[in-house]
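In: predicted model follows, preceded by the sequence.
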Amino acid sequence: MNEQNEPLEGQTTVDELIDAGDMELMDVDETAMPAVRKICVIVKEPGKAAEIRWIENTLDKLQEIVGGYIETVTLATDLTVICNEEGRLLGLAHNCRIQGYDFVGPIIFAGVEGEEFADVPEGAVRPIEQLGLEVMGHG
């Protein structure tokens, strides 16, 4: 293609391929596409009790909740905190202190399976509550 997006001499366009029967456009059946997996997490916003939520396991959703780029802090082999990577620079409100680390802005407690985020592990709510964080929707 040249700068005007016109085919160069001897080059075949997609429309020509379709007309010749050498190429076929396919309709995409969106219902056949895999659904985005939801995971059970605990979300803690500054000044509020933590709450159990089901969220889409996508980078966009995680960034939406924490308000920017994500950073993870591993609490256990199967439990991590997801927070805003630039929270301090952005002046986000103090949230809580966990294992000597001060978190700012909204945070997400999520499970870990291999390289993926997963449901918060069974039994994680009690240790989170022992950190002094009330978890709404539990018990």
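Out: Arrived safely, thanks for sending.

In: contacts only, for residue 41.
Out: Each residue near residue 41 by Cβ atoms under 8 Å, 6 or more residues apart in numbering is listed here: 52, 53, 54, 55, 108, 109, 110, 117, 119, 120. Yep, even glycine has a C-beta here, placed from its N, CA and C like the rest.

In: repeat that for 7 Å
Out: 53, 55, 108, 109, 110, 120 (Cβ atoms under 7 Å, 6 or more residues apart in numbering).

In: how far away is the fifth one from residue 69?
Out: Per Cβ to Cβ, to the nearest Å, residue 110 is found 16 Å from residue 69.

In: do the same with residue 120
Out: 22 Å.

In: of the two, which one has the most company?
Out: residue 120 (23 against 13; other Cβ atoms under 10 Å).

In: what's the pLDDT at that one?
Out: The confidence metric pLDDT takes the value 92 at residue 120.

In: which residue, other than its chain neighbours, is closest to it?
Out: Spatial nearest neighbour of residue 120, chain neighbours left out: residue 111 (5.1 Å); criterion: Cβ to Cβ, 6 or more residues apart in numbering.
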